[in-house]
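Colleague: Mind folding the following:
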Amino acid sequence: MAHPPEIGAIVSVRRGPLSVGDHVQLRGPKGALHTITLEPGGSFHTHKGQIFHDDLIGQPEGSIATSDRGSAYLALRPLLADFVLSMSRGAAIIYPKDSAQIVSLADIHPGHHVLEAGVGSGALSLAILSTLGSEGTLTSIERREEFADIARANVETFHGGEVAGWSIEVGDFQDLVTAHPEGSADRVVLDMLAPWECVDAVSHVLIPGGVLAVYVATVTQLSRVVEAVRASGRFTNPESLEVLLRPWHVEGLAVRPEHRMIGHTGFLMTARALAPGVELPETKRRVAKPEYSDDDVEAWTPGATGQRHASDKKIRKTVRKAQDRASKSAKDSPVTGQ
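Modeller: Okay, the predicted model is just below:
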């Protein structure tokens, strides 16, 4: 008989009958989604009636729950993407389409040590942790303590408790990373306002051949960070892209793009670290590089990196909500609960 993992292990993989503490996504008659946490005697109220948790507990995943007014709801455990889109947010999240691309292009594998800066609400942290396995580690650096609290609560909610191999450090990336041994990170992912200011710090901690991945929202930020990486002479020539997601409607012979798509959310830039003292060979370009100065680059970015902040009251409310959900998830979890 298999023994449950110890507290602190990654325990997000749940299978078998739905049980107390499970997050369950209910899909309504018109496709509306509702996420609930199962608890004995609990109920969920909708305008189409009341659904009782006890009717779901012990049922196989993929069962139908019927409200007391006769409406049918499909019950499934939410996927990571479903959880990310419904979790508490203190800062804007990296959407699943982008986090999947970051994990792929940064070539994050089990056993890697990844350094992440700008943890936000924990969406990218969840995606990275799902890839690292039991041997990998993730260190997340966040400047704002309240955002770190929200991210920690969201990750622990999804995993049903603390996650081994993951730590959060609160403070400025450039200050904190100097305490990390030189060449101690296999991958570095930056999701911050001014990543070009951190290129030297990244060079200190990233191993030769390691991947730097940067996620930014605007073209002005993209231009500036790309030129900073090039000017450092410590990386391969950066590659940049954005991910556009267009769903399709498929019903019989009626096959067409959906009327709505998930368009621009951000830009992703990647580059690899060179060995110390190595100079990157010049490559031919079809178009001559335009002449510009540091002043030109500065003029390209004023005001463009301005950040909108939620009110302190809203942040405190979000922290409480995320922590309450995490506490409830850990308490009711069949692995970490009593």
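Colleague: so Ile262 makes contact with Leu244?
Modeller: Yes. Contact criterion CB atoms under 8 Å: Ile262 and Leu244 qualify, at 7.2 Å. The way it works is simple: take the backbone N, C-alpha and C, and place the C-beta from them, glycine included.
Colleague: More neighbours: which of these two?
Modeller: Each of Ile262 and Leu244 has its neighbours counted (other CB atoms under 10 Å); Ile262 has more, 14 against 11.
Colleague: Could you find the closest non-adjacent residue to that one?
Modeller: Spatial nearest neighbour of Ile262, excluding adjacent residues (CB to CB, 6 or more residues apart in numbering): Leu245 at 4.2 Å.
Colleague: Quick check: pLDDT value at the one you found.
Modeller: What the model reports for Leu245 is a pLDDT of 91.
Colleague: Let me see the backbone angles for it.
Modeller: Taking degrees, to the nearest 10, you get phi -120, psi 120 for the backbone angles of Leu245.
Colleague: tell me the secondary structure for Leu74?
Modeller: Following DSSP: H, G, I helix; E, B strand; the rest coil, the label given to Leu74 is strand.
Colleague: Let me know the pLDDT of Ile94.
Modeller: Looking at Ile94, its pLDDT reads 88.
Colleague: residues in contact with it?
Modeller: Taking CB atoms under 8 Å, 6 or more residues apart in numbering, we find Ile94 in contact with Ile102, Gly120, Ala123, Leu124, Ala127, Asp191, Tyr215, Thr265, Gly266.
Colleague: The same query, at a cut-off of 6 Å, please.
Modeller: Applying CB atoms under 6 Å, 6 or more residues apart in numbering to Ile94 gives the contacts Ala123, Leu124.
Colleague: sorry, back to before: the residue nearest to Ile262 reaches Gly263, doesn't it?
Modeller: No. Using CB atoms under 6 Å, Leu245 makes no contact with Gly263, being 8.1 Å away.
Colleague: how about the strands in the stretch 51-200 of the chain?
Modeller: Counting by DSSP state E, counting those that start in this stretch, the stretch 51-200 of the chain has strands at residues 63-66, 72-76, 113-117, 137-142, 166-170, 185-190.
Colleague: and what of the stretch 201-338 of the chain?
Modeller: 206-216, 239-242, 248-251, 254-257, 267-272.
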